[in-house]
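Student: sequence first, then the predicted structure:
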Amino acid sequence: MLPNFCNWLSNTPLSVKIQTILWIIPAVQTVHILCVAIIMSTMAMLDFRLIGLAGTRQPVSGAVRRWVPWVWGTLPVMLLTGCILIIGEPTRELMNPYFRTKMAMLAIVVVITAFIQLRNRREAYWESRALAAKFAGAFSLLLWVSILTAGRWIAYY
Ligand code: HEM
């Protein structure tokens, strides 16, 4: 089923265009990687604050309000650029276990980030739960680093 879909997709006019116009894939990859830089730096700032390793002069609630919107702003661009890369090389991406693992971890980290943001609406929620904040920060950081690693490994499968 999926191999047939990949085969069909790679023969569509849009995919053929992406495959034959040589600058498209490197240009789109560049934007994707710039977004990786944005999302990793902002999420590292947030997660280190949750863990208590950096930015401790600022309350956790302020850090959540400051950094989380960067994720919601960057992810749509990553989704768009990622989809262009998939359309250009469907079999390479969709049949790849690293790609699938990356997407599964991304779904989990999106839920965790939304949870951190939603709970932050309650007065001093994370400030009064230092251990839970540390755990959420450490788990989120582990997932982001794993997503980045899986993204890089797609090329080597
Ligand atoms: C939003 C949904 C996303 C989609 C659909 C997507 C899709 C893709 C695709 C198709 C590739 C090309 C892989 C290849 O052929 O080598 C890729 C590369 C990559 N992605 Fe994503 N991605 C997404 C989000 C992310 C996120 C959130 C991160 C990290 C925080 C990330 C990190 C990477 C990295 C590091 C690469 C390798 C770039 C390279 O070496 O050229 N991606 N992604």
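Tutor: Sure thing, it's come through.
Student: got any ranges where the protein has weak pLDDT?
Tutor: Filtered on pLDDT under 70, the chain yields no residues whatsoever.
Student: got the residue ranges for the helices in it?
Tutor: Using DSSP state H, the helices of the chain run over residues 2-10, 13-20, 24-51, 60-88, 90-94, 97-119, 130-153.
Student: what helices or strands is the first one leaning on?
Tutor: The elements that helix 2-10 packs onto, with contact taken as 3 or more C-beta pairs under 8 Å, 6 or more residues apart in numbering; DSSP states H and E, are helix 13-20, helix 90-94. Every residue, glycine included, has its C-beta placed from N, CA and C.
Student: okay, the helices of the chain in TSV with mean neighbour count next?
Tutor: Compiled in TSV, those are given as follows (neighbours: other C-beta atoms under 10 Å):
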stretch	mean neighbour count
helix 2-10	13
helix 13-20	13
helix 24-51	17
helix 60-88	17
helix 90-94	18
helix 97-119	16
helix 130-153	17
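Student: can I get those helices in CSV including distance to the ligand?
Tutor: Below are these laid out as CSV (distance: least, C-beta to the nearest ligand atom, whole Å):
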stretch, distance to the ligand
helix 2-10, 12
helix 13-20, 11
helix 24-51, 5
helix 60-88, 2
helix 90-94, 4
helix 97-119, 6
helix 130-153, 2
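Student: centroid residue for the chain?
Tutor: L106 (5.5 Å; C-alpha atoms, centre = their mean).
Student: leaving out sequence neighbours, find the closest residue to that residue.
Tutor: In space, and not counting its chain neighbours, L106 is closest to I147: 5.6 Å by C-beta to C-beta, 6 or more residues apart in numbering.
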